[in-house]
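Undergrad: Please find the sequence and the predicted model below.
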Amino acid sequence: MHPQVRYEDHNRRLILPKARLEDTGAYTCIVRGASSRATKTAYLDLQARPSFPYPLRNQHLDKGSDFTWRCGALGVPVPTYTWFKNGKLLKTSTQDRVIVKGSTLNIMRVDSQHEGMYQCEARNSLGMARSSAQLRAL
């Protein structure tokens, strides 16, 4: 339950200040009288634009190593992902040994051609967010 939940109007009103995604769910009110009982359930369905609780981090890699970057955005509805290198859209390229699949970017046998600034874009119907990091081959 939300840490700041409170009740008002003789416990007839539930207040969720700054509701969070984890507050999504069914809430049931039960009213008891001397000889009767009534219930009513309301459903709270929250959505959020993408955000990055764990953004991409700069990488310094040995030449010839394999590397995987995972783009970990949170959002509801679930975001779709697009990868960029130095501001240009990245597509899977077996020639460059770069494989893009959803939220994951794989680079096989890293070398100097892979150096640059990488961005992961997460997008849903409510908006988009980007996380960026630099890759260097040593």
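TA: Structure received. Numbering: from 1, shown residues only.
Undergrad: give the contact list for residue 133.
TA: 55, 56, 57, 58, 59, 69, 117, 118 (Cβ atoms under 8 Å, 6 or more residues apart in numbering). Quick note: C-beta positions are derived from backbone N, CA and C, even for glycine.
Undergrad: cool, residue 62 as well?
TA: Contacts of residue 62 by Cβ under 8 Å, 6+ apart are 110, 137, 138.
Undergrad: Look up how far residue 88 lies from it.
TA: 25 Å (Cβ to Cβ, to the nearest Å).
Undergrad: Next: residue 25.
TA: Taking Cβ to Cβ, one finds residue 25 at 42 Å from residue 88.
Undergrad: cool, and residue 81?
TA: Distance of residue 81 to residue 88, given as Cβ to Cβ: 16 Å.
Undergrad: And these two? Which one has more around it.
TA: residue 81 (18 against 9; other Cβ atoms under 10 Å).
Undergrad: What is the helix or strand containing residue 83 packed up against?
TA: Under the criterion of DSSP states H and E, residue 83 resides in strand 80-85. Contacts defined by 3 or more Cβ pairs under 8 Å, 6 or more residues apart in numbering; DSSP states H and E place strand 80-85 against strand 116-124.
Undergrad: about what we covered before: list buried members of the contacts of residue 133 by neighbour count.
TA: 56, 59, 69, 118 (16 or more other Cβ atoms under 10 Å).
Undergrad: Nearest to residue 101 among those residues?
TA: Residue 101 has its nearest neighbour among the buried ones among the contacts of residue 133 in residue 69, at 11.4 Å by Cβ to Cβ.
Undergrad: ok, which stretches of the protein are strands?
TA: Secondary structure of the chain by DSSP state E: the strands cover 6-8, 13-15, 25-32, 37-44, 48-54, 59-61, 67-70, 72-76, 80-85, 88-89, 98-101, 104-107, 116-124, 127-137.
Undergrad: Would you format those strands as CSV with mean pLDDT included?
TA: Formatted as CSV, the strands of the chain follow (pLDDT from 0 to 100):
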stretch, mean pLDDT
strand 6-8, 88
strand 13-15, 89
strand 25-32, 90
strand 37-44, 92
strand 48-54, 94
strand 59-61, 94
strand 67-70, 94
strand 72-76, 93
strand 80-85, 95
strand 88-89, 94
strand 98-101, 92
strand 104-107, 94
strand 116-124, 97
strand 127-137, 96
